[in-house]
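1. need coordinates for the below:
(one chain, ligands or ions: 1)
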Amino acid sequence: MAFIPRKDNRIQLFVCGPTVYDYSHIGHARTYVAFDVIARYLRYKGYDVFYLQNITDIDDKIINRAREVGVSWKEIADRYTKAYFEDVQALRITSVNKYAPATQYIDAILRQVRTLLEKGYAYELDDGIYFDVSRFKNYGKLSGRTVEEAEDTVSRIDEVIGKRNIADFCLWKLLKPGEPYWESELGKGRPGWHIEDTAITETEFGPQYDLHGGAQDLIFPHHEAEIAQMEAASGREPMVKYWLHTGFLKVGGRKMSKSLGNFITIRDALKKWDVDTLRLMLVSTHYRSPINYTEAAMEQAKNSLNYIRGATRAAKKKVDVKKWIEKFVDAMDDDFNTPKVVALLLEMGKRINKTEEDLSPAIYEIGEVLGIDFRLKERPLPAELMTLIKKREELRKQKRWAEADRIREELKKRGILLRDTPEGTEW
Ligand code: AMP
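-> Predicted coordinates:
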């Protein structure tokens with residue numbers, strides 16, 4: 001399928017952001033790194049991308065966590081919003097133009113709920129205002145589920161007596177004692193789960209835009225609900241031209257998640273592995289496919305990274321790298337085929353080692369798009385140690401092996417390993 005933005009070369013991209021009640025794990029990183037690479041690539045191709053992400057800073061999970069810990073919901077939301085930004089920075093996710101916290105869009109949320117009530121798509125019950133899925137004729141068009149099938153799925157669906165259809169979902173939750181609320185003529189309350197995203201995107205982009213992303217668990221009911229709300233409210237379709245959904249990061253065949261307790265936080269992972277290794281592991285799988293997280297996969301990424309970096313050391317002959325960049329673009333134009341790009345990088349490393357052709361400018365250019373730094377991390381040695389290395393090379397030329405070995409040992413004690421090559425000594 002050819003990708004054509006709605007207007008000129010402008011792209012409006014929205015991705016569902018985190019619910020800030022705890023630290024994010026590397027399953028979240030899987031999704032956010034995937035969209036970071038997608039946004040970076042679209043910009044690389046010359047598109048003018050505006051990347052918007054919401055932050056769910058009011059939700060049952062936040063309220064429950066606040067109760068457990070004995071602090072206010074706001075304190076939990078602020079604490080984990082800050083933690084999320086720290087993680088995003090540590091993951092080198094630089095492509096997002098705007099983060100939109102739900103609580104800053106309450107007026108827009110209320111406007112949308114009012115419109116849905118006026119147009120007859122919403123109705124009131126004792127505890128809140130609900131969307132009537134049977135009134136929206138296209139309900140189920142993204143996930144391929146009918147209203148009846150949706151009724152079989154009770155998970156993550158508001159369970160309330162009096163709903164017209166089981167799949168009906170809450171737009172505005174009326175105040176329960178002890179819960180946070182906003183004043184409104186619809187009644188004191190707070191937003192339901194789905195409405196924040198369409199209120200945010202309508203405010204920032206309008207009722208229609210180009211790209212919407214998230215992990216595949218959000219297709220139903222979340223993204224289905226977004227379509228229903230926005231298309232019903234605006235009368236325009238489609239809300240989104242292209243949908244992108246990431247496969248899960250799994251551990252032993254099960255989705256990494258807070259509730260299963262099988263998670264590794266981003267900050268813990270980055271204590272053990274550097275960000276280049278983690279990102280390379282993540283992009284080694286296509287964004288739509290599941291990733292099976294293992295230590296072995298991380299080791300493999302680390303080895304690949306070292307191999308590609310190491311190869312750039314051997315690059316000596318200047319060559320035109322255009323054909324390698326073209327291969328990269330071909331792979332990425334094919335639905336962002338990053339595993340193919342990783343294979344290409346390894347092939348380039350092999351080529352450099354074999355021919356000494358300097359493909360490093362292409363490797364660094366591709367690295368910019370993947371958010372991976374393939375430059376060798378060699379720090380210059382203090383002059384005194386460089387003098388010792390030079391002296392040892394002299395001694396070796398004079399075949400004074402014992403003295404040369406003493407210097408090697410001396411440097412080893414100081415954490416510097418030497419390797420003698422035909423071109424001279426490397427450290
Ligand atoms: P949450 O904070 O749980 O609402 O999740 C934020 C985003 O991360 C959503 O798009 C989730 O679907 C996604 N996500 C959560 N866990 C995983 C996982 N194990 N693999 C990939 N994406 C995930």
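
2. excluding covalently adjacent residues, which one is nearest to the residue in the stretch 51-200 of the chain positioned nearest to the ligand?
-> When scored by Cβ to the nearest ligand atom, the stretch 51-200 of the chain has residue 56 as its residue closest to the ligand, at 6.5 Å. Any C-beta I mention is one placed from the backbone N, CA and C, and that applies to glycine too. With sequence-adjacent residues excluded and distances taken as Cβ to Cβ, 6 or more residues apart in numbering, residue 56 is closest to residue 19, at 4.1 Å.

3. for that neighbour, give me phi and psi.
-> phi -90, psi 120 (degrees, to the nearest 10).

4. what's the distance between it and residue 123?
-> 27 Å (Cβ to Cβ, to the nearest Å).

5. residue 241 now?
-> Distance, residue 241 to residue 123, by Cβ to Cβ: 31 Å.

6. same check on residue 178?
-> 26 Å.

7. these two: who's more crowded?
-> A count of neighbours by other Cβ atoms under 10 Å puts residue 123 above the other of residue 178 and residue 123, at 17 against 7.

8. in the sheet, which residues pair with that one? Tell me.
-> Beta-bridge pairing of residue 123 under DSSP bridges involves residue 130.

9. I figured it hits residue 164, correct?
-> Yes: if you go by Cβ atoms under 8 Å, residue 123 and residue 164 touch, sitting 6.9 Å apart.

10. now the common contact residues for those two.
-> Shared contacts of residue 123 and residue 164 (Cβ atoms under 8 Å, 6 or more residues apart in numbering): 130, 132.

11. what's near enough to touch the closest residue to the ligand within the chain?
-> Closest to the ligand within the chain is residue 27: 2.4 Å, counting by Cβ to the nearest ligand atom. Shown in contact with residue 27 (Cβ under 8 Å, 6+ apart): 248, 249, 255, 256, 257, 263.

12. how would you label it: helix, strand or coil?
-> Secondary structure for residue 27, judged by DSSP: H, G, I helix; E, B strand; the rest coil, is helix.

13. re the thing from before, which ones among the contacts of residue 27 lie within strands?
-> Counting by DSSP state E, the contacts of residue 27 place 249, 255 in strands.

14. check the contacts of residue 27 and tell me the two furthest apart.
-> 248 and 263 (11.9 Å; Cβ to Cβ).

15. more neighbours: which of those two?
-> For residue 248 versus residue 263, neighbours defined as other Cβ under 10 Å are more numerous around residue 263 (23 against 20).

16. against residue 216, how distant is the closest residue in space to the more buried one that isn't next to it in sequence?
-> In space, and not counting its chain neighbours, residue 263 is closest to residue 25: 3.8 Å by Cβ to Cβ, 6+ apart. Using Cβ to Cβ, residue 25 is found at 17 Å from residue 216.

17. out of the two, which sits in the more crowded spot?
-> Ranked by neighbour count (other Cβ under 10 Å), residue 25 and residue 216 place residue 25 first, with 21 against 15.
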